[in-house]
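Novice: prediction below, plus the sequence it came from.
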Amino acid sequence: MRKTSIWIAVLTLGYVLPVVQLQLIGGLLPGTSIYLAHFLDLAVNAPFFLIVLLSLFLAVRKESTSNTRTGRALLWLAALFLLFFFEGHGIHFAANSVSSLINHDSGPPELLELTYFYDEILGHYMLMFGQAGLLYVLMLYEAAAENAKPCSRLESVLIILCGLVAGITVALILLEGQFAILGVVSFVAVWATAVATGVHRGWFNKRPFAMYMAAMTLTTVAGLILWAWRYKALVEPLARPFRMWMGG
């Protein structure tokens, strides 16, 4: 099995981690106003994601028919998305830490509105936009560096399954982050790029990462549609416990 497929499986684990942490890890770090789950997201999940993406980039380059160097435009684009990713994480982390010190029933309205904006809007939008952009840049790089051999049937099944799992967790993350529109935008961008560059031919057989992105974005949009149909709105998952989703 090629390294690209293995790293895709590891990347999927990186999407599952935040969802598990939010469900299982609660409370503050002792003596601070910092939630443990938010600390892990910044200190563990973000570096993990970037390490896996770098490993995927190196694997794609090594396994391609040519050692095509990333174009200057893609390098600048990746740098821009990286800036959004970490700036967004920092803003989100700081706003969450301050928010826990505010009385949300009697606190100053201006302060509540400001922390909400930094946390739920600016922070979420920047880090999620940055993350989606980094994935898209890697897809563009792979589109210009065809893999030397087609995926085996086992690899294709593994990649698609990983895409399905990642798509479900991404839908939940986007819903909780109140940024569901990004899932639709990513779906359009990925599939339009696949058709425009021809990587969709042969079921993405020589483009394992594009196959993963196609499955993930399709599943994400399907998950968002099903969620909206179930609740008649794109309500945040933590506002609707899973037992209510499963049992009404």
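Specialist: Alright, I've got the coordinates.

Novice: residues of whichever strand or helix holds Ala9 that come out buried?
Specialist: With elements delineated by DSSP states H and E, Ala9 resides in helix 3-24, which encompasses its position. The neighbour-count check on helix 3-24 (16 or more other Cβ atoms under 10 Å) flags 4-5, 7-9, 11-12, 14-15, 17-19, 21-22 as buried. All C-beta atoms are positioned from the backbone trio N, CA, C, and that covers glycine.

Novice: ok, now how distant is Leu238 from Ile173?
Specialist: According to Cβ to Cβ, to the nearest Å, Leu238 and Ile173 sit 11 Å apart.

Novice: meant to ask about Val188
Specialist: Distance of Val188 to Ile173, computed by Cβ to Cβ: 19 Å.

Novice: higher neighbour count, the two?
Specialist: Each of Val188 and Ile173 had its neighbours counted (other Cβ atoms under 10 Å), and the higher figure belongs to Ile173 (21 against 12).

Novice: what's in contact with stretch 14-29?
Specialist: Taking Cβ atoms under 8 Å, 6 or more residues apart in numbering as the criterion, the residues outside stretch 14-29 that touch it are 34-37, 39-41, 44-45, 48-49, 52, 100, 165-166, 169-170, 172-173, 176, 238.

Novice: just the ones in helices from the residues you listed, please.
Specialist: Where the contacts of stretch 14-29 overlap with helices, as defined by DSSP state H, the overlap consists of 36-37, 39-40, 48-49, 52, 165-166, 169-170, 172-173, 176.

Novice: of these, keep whichever come out buried.
Specialist: The neighbour-count test (16+ other Cβ under 10 Å) applied to the ones in helices among the contacts of stretch 14-29 identifies 37, 39-40, 49, 52, 165-166, 169-170, 172-173, 176 as buried.

Novice: tell me the one among those residues nearest to Leu226.
Specialist: Nearest to Leu226 out of those is Leu172 (Cβ to Cβ; 11.7 Å).

Novice: could you list which residues are in contact with that closest one?
Specialist: The neighbours of Leu172, taking Cβ under 8 Å, 6+ apart as the test, are 19, 223, 237.

Novice: before we move on, which element is the second one in?
Specialist: Just to be clear, that refers to Gly223. Per DSSP H and E: Gly223 is located in helix 208-231.

Novice: ok, now how distant is the closest residue to Gly167 other than its chain neighbours from Gly163?
Specialist: Once its chain neighbours are removed from consideration, Gly167 has its nearest residue in Thr219; the separation is 2.5 Å (Cβ to Cβ, 6 or more residues apart in numbering). Taking Cβ to Cβ as the criterion, Thr219 is separated from Gly163 by 6 Å.
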